[in-house]
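Asker: Pasting the sequence and the predicted coordinates here, then a few questions.
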Amino acid sequence: MFEDASTDRSLFGGAMTASFPLRFQDVSSVRQVPDHQEGFADASVDESLIFELLELKNEVADQGSAAWFLQDLTHDQDAERTVVLEQSGVFEAPGLHFMAISKGRQGREAQNVLKVYLEDIRLKDVHTDILNRLIMFRYSNAYLLHKPETLVQIFCNLASRSRRSFLVKVRSIFHTSGNQMVGGGSGTASATNPIRIVVAGDAKTGKSSLIVTAAAVDFPKNVPPVLPPTRLPGDLDHDHYPSTIIDTSSRPENRGRVFEELTRSDAVVLTYACDRDETLDRICTYWLPQLRRLEIKVPVIVVGCMLDKRHDQCSFRLDQVMSPIMQEFREIETCMECSALNKLQVHEVFIYAQKAVLNPTAPLFDQEQQVLRPRCVRALKRIFILCDRDRDGALSDEELNAFQVKCFSLPMQPAEIQGVRMVVQERLPEGVNERGLTLAGFLFLQALFIERGRLETTWTILRKFGYNNEIKLSDDQLPPPLKKYPDQSVELTSEAMEFLKKVFFTFDVDCDGALRSAELEDLFSTAPENPWNEAPYMHAAEKTALGGLSLDGFLSMWALMTLLDPIRTVESLIYIGYGGDPAAAIRVTRRRRLDRKKQQTDRTVYQCFVFGPKGSGKSTLLNSFLGRPFSEEYTPTTSERYAVNVVDQHGGHKRTLVLREILLEGIKDLISKKDALAACDVATFVHDSSSESSWKAANEILLDVASQGEATGYEVPCLIVAAKDDLDHFLTEIQDSTRVSQDLGIEAPIPLSTKLFDMSGIFQKIVRAAEQPHLSIPETSAAKSRKHYHRLVNRTLLVLSVGAAVTVVGLAAYRVYAARKSASSG
């Protein structure tokens, strides 16, 4: 393979060129690469070629500088063992090295033995080390992929290019002050909202020394017991996100303060002393369980400090000790050991913590099952469908390139696209077809990135399509919270309704006029989860005999969700492919108070509160509304429930009715709230017509609700429902209920029997009452007395005002008369 055709490649915007085989593809086409690096890879054989510009290490001699950088690299990668087999002189063939690393959290069994060719080109004029390395992942003693001469030729070609032109261009890769590297991330965190990393652990485990060394570089001689909040230096801010480190006290009397800081953290660093095993035991028996008791769900980094104090003959193996702990406590992102005294892996502690916050593993990948998490798969499926513009189930070269540009602002070359296809086809044949990259192949690539520790690639893709760390659409992708009065409701617009009808018929694969469970799950497979698999939506709509949702049932469910949680409705619409203006998908109705004045309403969805004592037949009424059979067995309702369906009205009009069953135990709390009745369009009061006690309880609830409406201004039309009409009525039921309805000025009681399927058009009557918001509003005796009093006052004021007017007119007339008489006598 070393005889493969090579070509010149431009590096760092043309600052230099290098010649190497075509099979190496630009890594930046599939993931972000820092500005000071250029990366190329041949995924088919797991080989990487990396060119990196670093600040010149003046303290490192020219002879042996490559070996120094190799050692630094092994520390960065948590390498278990490094063996330098050969080291060349300056400008000679590079050394041949081995090191073993673990990818992510896969454990020792997933370690790879790597072969690394490394060269350091030192440009002292611009204080720069150019570090070049070829990494071969599939190395074994019996299998040599490349001859050393291949890399030597690459590096010699690089070194022989025009050095003067390179020196001018390389300066643009550094900041003008301090010669610090510019990172390639896309973070835009504000300095006013830094990442909070809280360091906790037992006494004398090196917490404060770790923080001071990270912030000040040198190991401190005198460290205070607890440090104030400490900002990390700018060059340690991952992707330009500033970080604040919070030190904590180890004193028992300060535990409350420690717990408070932990609850406010974005990441937690738990420390133990490498020379005291009991402190590591305390991590497992106290600190990690305590984080769970506090319900702290942030990444955890377990760090062994004072590594310099561990005896050389100690047989401690970090992977062996920590593997079972990480299996039990999945919140642990990374385990590592460091030495503040020797400045060994101190900065890496906080870099790992930052990365765990900005690019967390847990939302994307199930470490135990070694698979993408369902929510991640759903989000990536939605992204795939959005990029599949011709809807043929595969990403063509053009579509793949457009996806690449959107996410990383860099196009892919044809050879690079072909390389991606070849990698997928080799590992997952069904991942590629004649039309391009399939969904399975797309998901495979993302899993591959995560498996290799490149979480920032997948997170960049998700964030470019509007997802947050919970893999839900971020707030800026959704309309702002609606500003409305309590007596206004929210409904879907006609545009959104038409979209949903198209969606229904698209996913009704068997064309049976209903969406069965599998079809419904497929519809919501691009949402974080099916929103209707939870209360109050799970059993709220009518189902067909085969358990499917008809079109009316489907639209009713959307109407219910819009009524209760309009922003979630918009979010769900976007997930399933709604491409219009999100704010145009919903509308706010007119105030019901204004509807009463106009004696009409523009609403198409009505909410009816169903009140009544236990055993009155409320639940049976809701069940009949959903077409469910009558049951003789009484099952008390333990939580509020909803039922929604379409009601056909005279003239062919359809309206959506929502019945909300109010628990008897919750009535007192409900009517104690000022706005409790604002969302109610109609209230029904159900009683068992065979039970006098049931009627008295229902009548009492009716008077309480009517009084609350009068007191708050949220009066609602009310209907009395005499349920169980198939049973014998108690003696005075009809007279009592009729008298109450007449006294209150509402419609006569509506008798019905769900057992005999005699519903008396109850649902049409409820809708009709909602359409006439000025009628059937009960007037209590207290309200009548107040009205009568106001009439008397108004009448008295009218008499007084008329009397006063007569008096004024009389006086005016007398003055005129007196004036005329005086004039005639004169």
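Answerer: Arrived safely, thanks for sending. Residues are numbered from 1 along each chain as shown.
Asker: how near is Phe625 to Gly580?
Answerer: Per C-beta to C-beta, to the nearest Å, Phe625 is found 32 Å from Gly580. C-beta coordinates here come from the backbone N, C-alpha and C atoms, glycine included.
Asker: can you pull out the helices in the stretch 151-300 of the chain?
Answerer: 163-170, 207-216, 255-263, 277-282, 288-293 (DSSP state H, counting those that start in this stretch).
Asker: Any buried residues in the third one, and which?
Answerer: For helix 255-263, the neighbour count (16 or more other C-beta atoms under 10 Å) marks Val258, Phe259, Glu261, Leu262 as buried.
Asker: Is it possible to get a markdown table of those residues that adds distance to Lys355 and pLDDT?
Answerer: Listed next are the buried residues of helix 255-263 as a markdown table, based on distance: C-beta to C-beta, whole Å; pLDDT from 0 to 100:
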| residue | distance to Lys355 | pLDDT |
| --- | --- | --- |
| Val258 | 24 | 94 |
| Phe259 | 25 | 95 |
| Glu261 | 21 | 94 |
| Leu262 | 20 | 95 |
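Asker: Tell me which two in those residues are the farthest apart.
Answerer: When C-beta to C-beta is used, the two most widely separated members of these are Phe259 and Glu261, lying 7.4 Å apart.
Asker: Contacts for stretch 654-662, please.
Answerer: For stretch 654-662, the external contacting residues (C-beta atoms under 8 Å, 6 or more residues apart in numbering) are 552, 555-556, 559-560, 563, 604-611, 618-619, 621-622, 625, 637, 640-649, 670, 763, 766-767, 770-771.
Asker: Narrow these to just the buried residues.
Answerer: Those of these that meet the buried threshold are 552, 555-556, 559-560, 563, 604-611, 618-619, 621-622, 625, 641-647, 670, 763, 766-767, 770-771, by 16+ other C-beta under 10 Å.
Asker: So which of those residues are in strands?
Answerer: 605-611, 641-647 (DSSP state E).
Asker: What is the nearest of the residues you listed to Thr732?
Answerer: Distance ranking of those against Thr732, using C-beta to C-beta, places Phe611 first at 21.5 Å.
Asker: from what I can see the closest one touches Ile701, true?
Answerer: Yes. Phe611 lies in contact with Ile701 (C-beta atoms under 8 Å); the separation is 5.0 Å.
Asker: what residues are shared contacts of those two?
Answerer: Residues touching both Phe611 and Ile701 by C-beta under 8 Å, 6+ apart: Ile667, Phe685.
Asker: Distance-wise, check Arg382 relative to Leu364.
Answerer: 15 Å.
Asker: ok, and the closest non-adjacent residue to Leu626?
Answerer: Spatial nearest neighbour of Leu626, excluding adjacent residues (C-beta to C-beta, 6 or more residues apart in numbering): Glu542 at 4.5 Å.
Asker: Do you know the pLDDT at that neighbour?
Answerer: As predicted, Glu542 sits at a pLDDT of 96.
Asker: where in the stretch 251-400 of the chain is pLDDT low?
Answerer: For the stretch 251-400 of the chain, the stretches with pLDDT under 70 are 312-316.
Asker: so what's the backbone phi/psi at the closest residue in space to Leu54 that isn't next to it in sequence?
Answerer: Spatial nearest neighbour of Leu54, chain neighbours left out: Asp129 (4.5 Å); criterion: C-beta to C-beta, 6+ apart. Here is the backbone geometry of Asp129 (degrees, to the nearest 10): phi -110, psi 130.
Asker: which residues does Asp129 contact?
Answerer: By C-beta under 8 Å, 6+ apart, the contact set of Asp129 is Leu53, Leu54, Glu55, Leu56, Lys57, Ser65, Phe69, Asp120, Ile121, Arg122, Leu123.
Asker: Looking at these, which are in helices?
Answerer: Judged by DSSP state H, the contacts of Asp129 include Ser65, Phe69 as members of helices.
Asker: Which among the contacts of Asp129 count as buried?
Answerer: Listed as buried from those are Leu53, Leu54, Leu56, Ser65, Phe69, Asp120, Ile121, Arg122; burial here means 16+ other C-beta under 10 Å.
Asker: doesn't Arg122 make contact with the second one?
Answerer: So that's Leu54. No. Contact criterion C-beta under 8 Å: Leu54 and Arg122 do not qualify, at 10.2 Å.
Asker: okay, and the common contacts of those two?
Answerer: Shared contacts of Leu54 and Arg122 (C-beta under 8 Å, 6+ apart): Thr128, Asp129, Ile130.
Asker: what's around the nearest residue to Phe554 once chain neighbours are set aside, how many residues?
Answerer: Excluding the flanking residues, the one nearest Phe554 by C-beta to C-beta, 6+ apart is Phe504, at 5.3 Å. Number of residues near Phe504 (other C-beta atoms under 10 Å) recorded here: 20.
Asker: Phe504 sits in which helix or strand?
Answerer: Assignment of secondary structure by DSSP states H and E places Phe504 within helix 494-507.
Asker: excluding its backbone neighbours, what's nearest Ile211?
Answerer: Among residues not flanking Ile211 along the chain, Ile245 sits closest, at 5.0 Å (C-beta to C-beta, 6+ apart).
Asker: Mind putting the shared contacts of Leu54 and Arg122 into a markdown table with distance to Pro34?
Answerer: Shown next, in a markdown table, are the shared contacts of Leu54 and Arg122 (distance: C-beta to C-beta, whole Å):
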| residue | distance to Pro34 |
| --- | --- |
| Thr128 | 15 |
| Asp129 | 15 |
| Ile130 | 14 |
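Asker: out of the residues you listed, who's nearest Cys335?
Answerer: Set against Cys335, the nearest of the shared contacts of Leu54 and Arg122 by C-beta to C-beta is Asp129 (30.7 Å).
Asker: do you know how far that closest one is from Leu73?
Answerer: Distance from Asp129 to Leu73, counting by C-beta to C-beta: 13 Å.
Asker: Kindly report the same for Leu752.
Answerer: Going from Leu752 to Leu73 by C-beta to C-beta gives 80 Å.
Asker: So between the two, which is more surrounded?
Answerer: Neighbour count, other C-beta under 10 Å: between Leu752 and Leu73, Leu752 has more, with 25 against 20.
Asker: Report the contact partners of the more buried one.
Answerer: Contacts here follow C-beta under 8 Å, 6+ apart; on that basis Leu752 touches Leu621, Val721, Ala722, Ala723, Asp725, Asp758, Met759, Ser760, Ile762.
Asker: swap the cut-off to 7 Å and go again
Answerer: By C-beta atoms under 7 Å, 6 or more residues apart in numbering, Leu752 lies in contact with Val721, Ala723, Asp725, Asp758, Met759, Ser760, Ile762.
Asker: And those, which of them are buried?
Answerer: Using 16+ other C-beta under 10 Å, the buried ones in those are Val721, Ala723, Asp725, Met759, Ile762.
Asker: Now, the residues you listed that are in strands?
Answerer: Using DSSP E, the subset of the buried ones among the contacts of Leu752 located in strands is Val721, Ala723.
Asker: Can you tell me which of the buried ones among the contacts of Leu752 is nearest Pro228?
Answerer: Closest approach between the buried ones among the contacts of Leu752 and Pro228, by C-beta to C-beta: Val721, at 67.1 Å.
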